[in-house]
Structure formats: C-alpha cells, structure tokens
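>>> Just to be clear, the model below is a prediction. Sequence and coordinates:
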Amino acid sequence: MELMGEGIRQAFWLLMTGDPEVLRIALLSLQVSGVAVFFALLLGVPLGALLALVRFPGRQLLISLVNTGMGLPPVVVGLFVTLMLWRSGPLGVLELLYTPAAIVLAQVIIAAPIVTGLTIAAIQQLNPRLRLQLLALGASRLQLFWLLLREARLPLLAALMAGFGGVISEVGAVMMVGGNIKGQTRVLTTAMVMESRMGHFDAAIALGLILLLLTFAVNGILTWIQQQKQGSS
Amino acid sequence: MMENLLELREVRVCYGPQVALQVSSLGVRPREILALMGPNGAGKSSLVRVLGLLERPTQGEVFVGGRRVSYRPAELLSLRRRMATVFQEPLLCEGTVTENASLGLRLRGLSRREAEARVAPWLERLGIAPLAHRKARTLSGGEAQRTSLARAFALDPEILLLDEPLAALDPPTRDALLHELEAILREMATTTILVTHDRNEALVLGDRVGVMLGGEIRQLGRPEEVFACPLDEEIARFVGVETLLPGKVVGWAEGLAAVWVGGVKILVCAEAQPEEKGVVCLRPEDVNLTRQQGPPSSARNHLKGRVVKIIPRGFQCRVILDCGFPLVALITQQSREELGLREGIEVFASFKATAAHLIRRAEGGK
C-alpha cells in the first residue's frame, strides 16, 4: 500500500513540475494515435459506407473480414508490420521500422477495421427507406453517400472514439514496431511497461495517469459533442 | 389518343419465388391523378418504386415520355430529377424545416438562397411557415408530413408519386391534409400517381382509380365506374360492397334484370341473359330501412327481414338483416332510434334497382 501511496505522490510531483521527458512521451502518443485515427477514418468511413450501401458479390465475405478485423490481435499486427518493414522485407527499403511512421502504420491497421465495422453499423441503423427517399429526391450516388453519412454522424463519432481508444492504449504492436526508443518512439504505453519493469513505479503511475486523462479528455469532448447534437435537435 | 407520360409493359417484380407485382400494361396520362387502392401487401409500394425508377423490375419495360428506360445511372438520375415522391413516413433529415424542404432543390445544384426562395411559398401554402426554423426532429407527425410534401412540391415535378402520404396521420390531421392536398393537386395539374389503402382518399383525389389485389391491377376506370360496377366479388368487397348475393337471372327487359336470390326476386339495372348466373352487389349505404311497408317510392326492391345484429360505429351503425339471405344496411344512429330498431324485430328494406349491380358470372367470374 505504501508503495502505491509513494508512487502516486511522486507521480503528481512529476506532473506538477512538468517533467520534459514525460511531456514529450505524452505528446508523441497523442500525435501518433491522432494521425493513425485520421488515416483510419479516411479509409474506414468510405469503405464502411460502400459495404453498407452497395450490393456486390463477395460483400458478405468482406463484411465478415472487417468484423474479424475489429478483434484483430494487435501483437499479430505488430509482427506483420515488423516483417513488412524488416530490412530484407518487402517494404524494407523505406527504412521505417522503429520510427513513429511504423507505429502509425500498425495503429492504422488496428483502427481501420474498427472504424469500418462501426461505420457499416452506423449506416445500417438508419431507416432503410431514407435511402429510397433521398434517391427519389434526385440524389446522385455521391450525394446519397454524403447525406447518409451526415445522418449517421452521431454513431460515426462513436466509431471515432472506439478507434482512438483502441490505439492510444495499445502496447504490443507499438513495442514491436516502434522499439520504445527514447526520444523517438517511446510512447505512454511502452514507457509504462519499461518503467514498471525497472521498478520506477512513480514514473509508471504518472504515465498511467496521463494516459487515463488523455483518453478521458478525448472521449469526454466527443461525448459532449454527441450529446449536444442530440439535445439541440 | 394522348401519349402516356409514364407507362409499364409486362412488368413483374419478384422477390425470390414470390411475385410482388404483375402489371401487363399501365399508362399514366399527362396531368391526370391516378389513384390506385388496395389492401396491405397488394403490391402498391412496389409499383411506386418501379414507377419512381427506384427499383428495376425483374421483368418488363418502363417508358417515360414515350422512351424506354435503360437503367443507366446517368439516365436514371436525370429521369428521377423530373419526379418527386412522398412516402408514408416523412423521412426528413437533420436540420430545420426549411433546410429539409430545400433538399431536393439543393441536390439539383440550386444555391441555398434560390432554394429557400422557392420553398417559402410552399411552407406558407402548407401552413408550416411559422415552423420554418424549427428542427425537423421536433415536429409532430402532421407537421413533418407537410414538410415532406413541401419538399416534393417545391421541385415542381413533372410526375408526382404519393405512396400512402396520409396513412400514418391521426384522423383529424389526415382529413385536413387530404382537403389541402386535393386543392393543391387540382391547381398544380401535375401528373400524379397516388397509392393508398383508403377508398375515400382514392375517391376524393383520383381522376381515375384502380384496384390492386395480389400484386395486380384488377380494375381501372373512372371512380364512379369502379365503385359502382366492380368486375368481381373480391373487387366489390374492397370498394365497399357488403352484400353479395349469388343468384340466377330469371328475366330481362329494357335494361332491368330480375335476379332470383334465395327465394326473392331482386331487380337490378344491368345487361343480362335469362338463365345466366350472377352475383348481386349492394352497398350498405344504399339500403333504406322502414318499420312498415313504406309508401311507393322510386325504390324497386322491397324486402322483409328480421334484424339479426346491430353494430354501432361512431354516428352510424350497421344493421344486419336476415331476408332469407344476409343483407347489410348502414343507417345513422338517429334513424336507428327513430325506427326503434332492436335485434329480433321485423323491418322492411328497400333499395333502387340502379343501386344494385350485377356481376355476371359468365364474363366476370373466375
């Protein structure tokens, strides 16, 4: 119990004094996961909309794949990205392994199926007759996609939150492809693992608190937006 | 002959083995209001989707303005933009009443200002101008459906499709909107196809009415024709005939047929051959009830019967008589009291020969 109390006291000290290393780690986490979620949305929302709205052969299979992907073990993703980026691997020439870009890549692979799957669900929960009405009003295919996404934007925010939550707290893949290099690829989760292994519980607790705070803040803001819209309309 | 603005030829819509719609030919004339009525599951909504080019029929061809629809995406879009559809549900989007009513125009590339200028008179006309800046989600059912109608009318469509537009509304709202809709449709003279399960709506709005049953258009004609002279018993029941009496023609002279029904002779204005079989149709509102054998009137048929059952319904009640066969009459609660009608007593039923209709088994029967 004393260990924890001391750890928490130390953690607050680190946070209050604004330890530069801790801040850098937190900022990198936010940046990497933010960029990854951005790309995941860029891929996942149009793909999800397409899978929800257009019937074509193989659609069921693709949806099953996406749903499987939502539960993809991050360690497997880490291994896959490592193999791809390995010096002798197919993308080795890019020399991306152990860089933030590699972390982004792994996190996109983890988050994109989550965003895609939740986009499919968000669009499918809309009244199916709304689609007919919009077509009857003279919507082109592109206009239809846009209007339906606009109608589904509250559940799409949930997709965004789930995607962000999935990657900011992820450790296995990030460790494998980033390598936890100080000042370069050390993010909150990998730093926590390292600090607690070394017995620096104060630092680990401080990092853990920041991680909790970050996820809480991001989700809090998004939830607030969601509830605002619900209430005002 | 006028060229049809919209036409179906040998159209079938199937879902798996089930045939939802089967129309060998249907022509919609420019500027007419065609009202198709039928019970749930008669294929009405499928028909609207096919006519609105929202669904490609499994078989058959659709013509718009005399040209066959090829279902190429670009062609579909430009044809759909000449039409507007209002469904049973208002199906509004996020945003205000004005934004929703402007949607069709905005999709056609009009600026917000242009669209809103064209929408404003329709909001006024439909009585929702004070709600222009309200969020669509806060509207009542009637207000939302008015918004949906404004959204369609603002497009000034060449073809207007109405799929049960009033069915989801409560009765007072429905009646009010029906009369406004009638006035607007007459004034706009837009080619309109209305499908409804409500006979009254079809009768009020339709220049021509059709009866849909089991995915087919079974009868199509002027409203008075369809309501007075149904082609078969199923159609007769749908258009409100409650007494259907199978019988045999025993005599015919000068447009008047005598039909022998369950021991009674009924006179019907109809063409008929003696000895042929047929079904006499009678609407309950055309039957008059008296306690004594009444004074001579224009009614050619007088039957004695016993009251079997009285079913009150609002200000009216249905009286079921046993005249050797069941006969249904519809009278007001007031005349029920004046006549002192009770179950078990004897009354006289009279109706005109012109009120009865004869379905001739030889040609109309199946």
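Thanks, I have the structure now.
>>> Where does B:A258 sit, in terms of helix or strand?
Applying DSSP states H and E as the criterion places B:A258 in strand B:256-261.
>>> How about the host helix or strand of B:V195 and chain A, touching?
Assigned by DSSP H and E, B:V195 belongs to strand B:191-196. No: Strand B:191-196 lies apart from chain A when judged by C-beta under 8 Å from any C-beta of the partner chain; the minimum separation is 12.7 Å. Backbone N, C-alpha and C define where each C-beta goes, glycine included.
>>> In the sheet, which strands lie alongside that strand, parallel or antiparallel?
Strand B:191-196 pairs in its sheet with strand B:33-37 (parallel), strand B:159-163 (parallel), by DSSP bridges.
>>> Please pull up the helix or strand immediately following it.
helix B:199-205.
>>> Tell me how far that next one lies from the chain's centre.
5 Å (C-alpha atoms, centre = their mean, to the nearest Å).
>>> downstream neighbour of that helix in the secondary structure list?
Following helix B:199-205 in sequence, per DSSP H and E, is strand B:208-213.
>>> which residues are in contact with that following strand?
B:32-39, B:42-44, B:47, B:195, B:202-203, B:217-223, B:226-227, B:230, B:234-235, B:238-239 (C-beta atoms under 8 Å, 6 or more residues apart in numbering or on different chains).
>>> Please flag which of these sit within strands.
Of the contacts of strand B:208-213, the ones assigned to strands by DSSP state E are B:33-37, B:195, B:217-221.
>>> so where's the chain uncertain?
You didn't pick a chain, so chain A it is. A:1, A:229-233 (pLDDT under 70).
>>> that's the wrong chain, I wanted chain B
B:1-2, B:294-296, B:362-366.
>>> Show me which helix runs longest in the chain.
Picked chain A for this. helix A:20-53 (DSSP state H).
>>> should've been chain B
helix B:171-188.
>>> For burial, what's the neighbour tally of residue 115?
You didn't say which chain, so I picked chain A. Here the count is done by other C-beta atoms under 10 Å in any protein chain shown, and A:V115 has 29 residues near it.
>>> my bad, the chain I had in mind was chain B
Neighbour tally, B:A115, other C-beta under 10 Å: 22.
>>> next one: A:Q10
Applying other C-beta under 10 Å, we find 16 residues neighbouring A:Q10.
>>> can you check B:V69 too?
For B:V69, using other C-beta under 10 Å, the count is 18.
>>> How about B:R186?
B:R186 has 11 nearby residues by other C-beta under 10 Å.
>>> Kindly report the same for B:S297.
For B:S297, the count of nearby residues is 11 (other C-beta under 10 Å).
>>> Next: the one 10 residues further on.
Other residues lying near B:V307 total 19 when counted by other C-beta under 10 Å.
>>> Contacts for the helix or strand hosting it next, please.
In this assignment (DSSP H and E), B:V307 forms part of strand B:301-313. By C-beta under 8 Å, 6+ apart, the residues outside strand B:301-313 that reach it are B:264, B:266-267, B:293-294, B:317-324, B:326-327, B:333, B:336, B:341-353, B:356.
>>> Mark which of these are buried, thanks.
B:264, B:266-267, B:317, B:319-321, B:323, B:326-327, B:336, B:341, B:347-353, B:356 (16 or more other C-beta atoms under 10 Å in any protein chain shown).
>>> Next step: the residues you listed restricted to strands.
Short answer: the buried ones among the contacts of strand B:301-313 in strands (DSSP E) are B:264, B:266-267, B:317, B:319-321, B:326-327, B:347-351.
>>> any chance of those residues in a markdown table, with distance to chain A too?
Listed next are those as a markdown table, based on distance: C-beta to the nearest C-beta, whole Å:
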| residue | distance to chain A |
| --- | --- |
| B:V264 | 51 |
| B:I266 | 48 |
| B:L267 | 51 |
| B:C317 | 39 |
| B:V319 | 42 |
| B:I320 | 41 |
| B:L321 | 45 |
| B:P326 | 42 |
| B:L327 | 43 |
| B:V347 | 50 |
| B:F348 | 52 |
| B:A349 | 47 |
| B:S350 | 49 |
| B:F351 | 45 |
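>>> picking that back up, which neighbours in the sheet does the strand holding B:V307 have, and how are they oriented?
With DSSP bridges as the test, strand B:301-313 is paired with strand B:316-322 (antiparallel), strand B:346-351 (antiparallel).
>>> what does the first one contact?
Strand B:316-322 is touched from outside by B:242, B:284, B:289, B:303, B:305-311, B:326-333, B:336, B:341, B:347, B:349, with contacts defined as C-beta under 8 Å, 6+ apart.
>>> May I ask which two of the ones in strands among the buried ones among the contacts of strand B:301-313 are separated the most?
B:L267 and B:C317 (26.9 Å; C-beta to C-beta).
>>> Could I get the contacting residues of A:G5?
Contacts of A:G5 (C-beta under 8 Å, 6+ apart): none.
>>> That one: helix or strand, and which one exactly?
Element membership for A:G5, per DSSP H and E: helix A:2-17.
>>> can you pull the buried residues of that helix?
Going by 16+ other C-beta under 10 Å, helix A:2-17 has these buried residues: A:7, A:10-11, A:14-15.
>>> How far off centre is it?
29 Å.
>>> ok, now stretch B:170-177?
Relative to the mean C-alpha coordinate of its chain, stretch B:170-177 is positioned 16 Å out (C-alpha atoms, centre = their mean).
>>> buried sites along it?
By neighbour count on 16+ other C-beta under 10 Å, the buried set for stretch B:170-177 is B:173-174, B:177.
>>> And the residues you listed, which is closest to chain A?
Closest approach to chain A among these (C-beta to the nearest C-beta): B:L177, at 18.4 Å.
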